[in-house]
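Visitor: sequence isn't available, so here's the structure alone:
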C-alpha cells in the first residue's frame, strides 16, 4: 500500500513541478523485464517520506524536476530525468481577501432617505476631497461613502435621476442622508422644496 502511495506521489511530483531524488529498487531481472514496468512504481520506501515532505510540507517551491535511477547488481543501468516546471499562483493574502469583500460590499451600496442641497454660499470653497466646490457641477456630500466615487440619485417623487460624484462630507443636520450641489438638486427637481426623498445607488462611473 505504501509503495502504491509512492507511485501516486511521484506522478504528482512530475505534474506539480517538484524535484526529488528517487532511486529504483535494485533488481537482477529488472533490465530484462519485458513490459518495462513504469519506473515510478519502483521507488524505494526510504524515498517515500522525503517526497511526501516536499509535496505536502511547503518544500516544493524550489523543486523543478524528478530524477529516477535504475540499478542492477549494484550498477547503474539507466537514469531517467523528468523535468517539469509549473507556475502555481500564490494564494491571496488575508488582507487581499478582506479588501475584496469590502470592495464588493461597497459596490452593492444602496440607501434611501432625505436629500438636501447647498449652493452659492459654499461656491469656490474646498471640499473634503480637496476640490473646489462648484455649485453647478453634479456633485454631492455623503457621510461615509468613499470620496470621488459615483452614485446614482433618484427623486422618488418624480422618478428623475442623476449620477453625481461624492467629493464632500455631510450633511450633518438631522436625518438627511445626502447633500447635493445646486446643479444636481436642480436636475432632480428639488431646489424649490429644499429637500426631497431619494434613493442612492453606487455606480462605476459618471456615465453609468
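Guide: Received the coordinates, thanks. Because the structure is a prediction, the values reported are computed rather than measured.

Visitor: residue 178: which element?
Guide: strand 176-181 (DSSP states H and E).

Visitor: which other helices and strands contact that strand?
Guide: strand 110-118, strand 139-141, strand 161-168, strand 195-203 (3 or more CB pairs under 8 Å, 6 or more residues apart in numbering; DSSP states H and E). Where C-beta positions appear, they are placed from N, C-alpha and C, glycine not excepted.

Visitor: one more time with 6 Å, if that's ok
Guide: strand 110-118, strand 139-141 (3 or more CB pairs under 6 Å, 6 or more residues apart in numbering; DSSP states H and E).

Visitor: packing partners for the next helix or strand after it?
Guide: Using DSSP H and E, the helix or strand that directly follows strand 176-181 along the chain is helix 182-188. Judged by 3+ CB pairs under 6 Å, 6+ apart, the packing partners of helix 182-188 are strand 161-168.

Visitor: just checking: what are the partner strands of the strand it packs on?
Guide: strand 139-141 (parallel), strand 150-155 (antiparallel) (DSSP bridges).

Visitor: quick one: average pLDDT of stretch 179-187?
Guide: Throughout stretch 179-187, pLDDT has a mean value of 97.

Visitor: okay, now the unreliable bits of the protein?
Guide: Along the chain, segments meeting pLDDT under 70 span 1-72, 77, 80-92, 99-107.

Visitor: which residues of it fall in helices?
Guide: Taking DSSP state H to define them, one finds helices in the chain at 2-15, 45-56, 94-107, 182-188.

Visitor: what does the shortest one contact?
Guide: When you say that, I think you mean helix 182-188. Contact with helix 182-188 is made by 117, 119, 135, 136, 137, 138, 155, 160, 162, 164, 191, as judged by CB atoms under 6 Å, 6 or more residues apart in numbering.

Visitor: same thing but at 8 Å, please
Guide: For helix 182-188, contacts defined as CB atoms under 8 Å, 6 or more residues apart in numbering pick out 115, 117-120, 134-140, 153-155, 158, 160-162, 164, 180, 191, 196, 198.

Visitor: now list the buried members of these.
Guide: Buried members of those, counted by 16 or more other CB atoms under 10 Å: 115, 117-119, 134-135, 137-140, 153-155, 162, 164, 180, 191, 196, 198.

Visitor: coming back round to it: quick check: which of the strands paired with strand 161-168 is nearest to residue 176?
Guide: strand 139-141 (9.9 Å; CB to CB).

Visitor: quick one: residue 201 from residue 126, how far?
Guide: For residue 201, the distance to residue 126 equals 27 Å [CB to CB, to the nearest Å].

Visitor: quick one, domains of this structure?
Guide: 2-83, 110-203 (automatic domain parsing).

Visitor: now distance to residue 206 too, for the helices and strands packed on strand 176-181, in TSV please.
Guide: Converted to TSV, the helices and strands packed on strand 176-181 look like this (distance: least, CB to CB, whole Å):
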stretch	distance to residue 206
strand 110-118	19
strand 139-141	11
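
Visitor: for the ones you listed, which one sits closest to residue 208?
Guide: Of those, nearest to residue 208 by CB to CB is strand 110-118, at 14.0 Å.
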